[in-house]
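Undergrad: Can you look at this prediction? I've put the sequence above it.
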Amino acid sequence: MNSARWDVFVDLCTQQDYLAPGGARPAHNSHLVLPKLKHLMAFARWARVPLLSCVDARRPNDVRGLSCADCVLGTPGQEKVPFSLLPDRVTVNSDNCLCISLSILEEHQQAILAKEHRDPFTNPKFDRLLTELPVRRFVVFGISLESTVRLVALGLLLRHRRVAVVYDACGWWNAEDGTMSMRQLAAKGCELLTTQQLVESTLSQYRRTGHLRPLRRRWVA
């Protein structure tokens, strides 16, 4: 399989605390973003799009004393929303090691990694995958546009990777900062797409190639 022919979706922090009504810190536009995220995840399942997911994971000791702690390890709020979990997935443990197979998205459709800081590139494994995976384009969406989404898109551009942001599938806490982030990304050369534009362009690519992305067949003895 020529992996460089295919997109990889990058799903950022689609977690209960950021999207559920009773979450510790729901995005202010979560009611608008949720249908778009569900559409993208359903499309990824159908079209066999590989998915890199990154989640916030805060240690209880690091949030002690805070009035409103979000995404704390071991709490329901830290879990991903159910529709963002694909059946064929793997969770990659966090450590300071770069050792991770670049074929992980051929062996599984979804790889889930965690970050303890605002910048996802502080996870060395996530950094390596975004830097070295031989893919056509990274398609980024999730929470939040003015923070994690912006940092990932800018980091990819600095690494000379092609990147698109699905802006109507991005949550924000500050609308003005979200708009400024989109302007910055557009000025740096990032593609800005709606969910509908992404789905239509991907379907057009499949029509040209004549098939969906092939899956590696795994045999169990």
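TA: Structure received.
Undergrad: If you count neighbours, what's buried in the lengthiest strand in the chain?
TA: In the chain, with assignment by DSSP state E, the single longest strand is strand 163-171. Buried residues in strand 163-171, counted by 16 or more other Cβ atoms under 10 Å: 163-171. C-beta: built from backbone N, CA, C; applies to glycine.
Undergrad: That one packs against which elements?
TA: Taking 3 or more Cβ pairs under 8 Å, 6 or more residues apart in numbering; DSSP states H and E as contact, the helices and strands that strand 163-171 lies on are helix 30-47, strand 137-143, helix 150-158, helix 175-187, strand 191-193, helix 195-209.
Undergrad: Let's have those in CSV, adding mean neighbour count.
TA: What follows is the helices and strands packed on strand 163-171, written out as CSV (neighbours: other Cβ atoms under 10 Å):
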stretch, mean neighbour count
helix 30-47, 17
strand 137-143, 25
helix 150-158, 19
helix 175-187, 15
strand 191-193, 17
helix 195-209, 14
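Undergrad: and of these, who's closest to residue 127?
TA: helix 150-158 (8.1 Å; Cβ to Cβ).
Undergrad: Would you mind writing the CA trace of the closest one as CSV?
TA: Listed next in CSV are the C-alpha coordinates belonging to helix 150-158 (Å, rounded to 0.1, in the frame of the first residue of the first chain):
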residue,chain,number,x,y,z
ARG,A,150,-3.8,25.7,16.2
LEU,A,151,-0.7,24.3,17.7
VAL,A,152,-1.0,21.0,15.8
ALA,A,153,-1.6,22.7,12.5
LEU,A,154,1.3,25.2,12.9
GLY,A,155,3.6,22.3,14.1
LEU,A,156,2.7,20.3,11.0
LEU,A,157,3.4,23.3,8.7
LEU,A,158,6.8,23.9,10.4
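Undergrad: what's the neighbour count on residue 101?
TA: 11 (other Cβ atoms under 10 Å).
Undergrad: end-to-end on stretch 169-183?
TA: With Cα to Cα, to the nearest Å as the measure, stretch 169-183 spans 16 Å from end to end.
Undergrad: mind showing which ranges of this protein have poor pLDDT?
TA: Applying pLDDT under 70 to the chain flags the ranges 1-4, 65-67, 96, 210-221.
Undergrad: picking that back up, distance to residue 6 added to the helices and strands packed on strand 163-171, as CSV?
TA: What follows is the helices and strands packed on strand 163-171, written out as CSV (distance: least, Cβ to Cβ, whole Å):
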stretch, distance to residue 6
helix 30-47, 10
strand 137-143, 9
helix 150-158, 16
helix 175-187, 22
strand 191-193, 16
helix 195-209, 9
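Undergrad: Kindly present the buried residues of strand 163-171 as a markdown table, with separate columns for distance to residue 125.
TA: Converted to a markdown table, the buried residues of strand 163-171 look like this (distance: Cβ to Cβ, whole Å):
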| residue | distance to residue 125 |
| --- | --- |
| 163 | 19 |
| 164 | 23 |
| 165 | 22 |
| 166 | 24 |
| 167 | 27 |
| 168 | 29 |
| 169 | 24 |
| 170 | 23 |
| 171 | 24 |
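Undergrad: ok so, going back, who's in contact with the longest strand of the chain?
TA: Strand 163-171 is contacted from outside by 18-19, 27-30, 32-33, 36-37, 39-40, 137-145, 149, 153, 156-157, 178, 182, 185, 190-195, 198, using Cβ atoms under 8 Å, 6 or more residues apart in numbering.
Undergrad: Good, wrapping up.
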